[in-house]
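Participant: Build the 3D model from these lines:
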Amino acid sequence: MTQPWDYIAKIVSLGDSGCGKSSLTIRLCEGRFSPHHDVTIGVEFGSRIVPVGPPASHTLSINNPSKSDSTPAPAKNQKPPEQKHMKLSLWDTAGQETYKSITRSYFRGASGALLVFDISRKNTFLSATSWLHDLRQIAEENIVVVLVGNKSDLASASTVSGESEADNKRQVSKEEAEEWCKANGVMQYVETSAKSGEGVERAFLEVAERIYQNIEAGRYDLNDRRSGVKGPGGGGGNNAKINLGMNDGRGNKAQGGKCC
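Facilitator: The predicted structure is shown next:
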């Protein structure tokens, strides 16, 4: 049986406790939102297969492809490019200070990361700089990082003149987050709502697409597990896993493979 993915990549989510990291993973993998979730201890796992590269990346405008793309359309008798797929091995890490020394070890061997903060709590945004520093100290040098402002449902879309802004709990503006990305060399900022699902898939696809671009550019050794990426046949077909970090989390709650 042909495997349903071309590559597998290790993605970690990190950030302060209560930002909704676990809720984002559950929303992506299971398509649901749980208003009550136990505090993550160590790390939890999930997985999802997503399309990478054209034609999906062009259709979704992922990775900011040029709107004036001059790439000629395929000739009538020419087959369109074959869609590639990537299996994301998602490592949802604990955000509590108590577990920080443990969870940082899981950053090793990750090819991508979602750095999550809560747009309704400014302190979680201020902590992002420290989390990014820890990540870059431990992970590979070329790790792909996307900043995620979660709980966008707590920010009202618009305010009618004279209407109270009490329902708008936003404490971090998009402009402020985008400026932070520029200052810290983070490629993209995405706002999400694990509650409504808005932007969740987009956030993960932004990471996956950039990893795919790095694969195409030959920036990973697909036979070296430290790269956080595996290619076809790099570990035994559909059973291939990214076995990196604290003994692969054996003994922790593992959800990998249940959602796809």
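Participant: low pLDDT regions in this structure?
Facilitator: Where the chain drops to pLDDT under 70, the residues are 1, 36-42, 63-77, 95-101, 156-166, 233-260.
Participant: So which bits of the lengthiest helix in it are buried?
Facilitator: The longest helix of the chain (DSSP state H) is helix 200-216. Residues of helix 200-216 classed as buried: 200-212, 214-215 (neighbour count, 16 or more other CB atoms under 10 Å). Just so you know, the C-beta spots here come from the backbone N, C-alpha and C atoms, and that holds for glycine as well.
Participant: which strands and helices sit next to it?
Facilitator: strand 7-14, helix 21-30, strand 43-52, strand 84-93, strand 112-118, strand 144-150, strand 188-191 (3 or more CB pairs under 8 Å, 6 or more residues apart in numbering; DSSP states H and E).
Participant: so what strands line up beside the fourth one?
Facilitator: Strand pairing for strand 84-93, using DSSP bridges, gives strand 7-14 (parallel), strand 43-52 (antiparallel).
Participant: just checking, next helix/strand downstream of the longest one?
Facilitator: I take that to be strand 43-52. Next helix or strand after strand 43-52 toward the C-terminus (DSSP states H and E): helix 56-59.
Participant: List the buried residues for that following helix?
Facilitator: For helix 56-59, a neighbour-count test (16+ other CB under 10 Å) marks Ala56, Ser57 as buried.
Participant: Now do that helix: which elements does it pack against?
Facilitator: Partner elements for helix 56-59 (3+ CB pairs under 8 Å, 6+ apart): none found.
Participant: Could you export it as PDB, CA atoms only?
Facilitator: Output in PDB follows, covering the C-alpha atoms of helix 56-59 (Å, rounded to 0.1, in the frame of the first residue of the first chain):
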ATOM      1  CA  ALA A  56      -2.400  23.600  -3.100                       C
ATOM      2  CA  SER A  57       0.100  26.300  -2.000                       C
ATOM      3  CA  HIS A  58      -0.900  28.500  -4.900                       C
ATOM      4  CA  THR A  59      -4.600  28.000  -4.400                       C
END
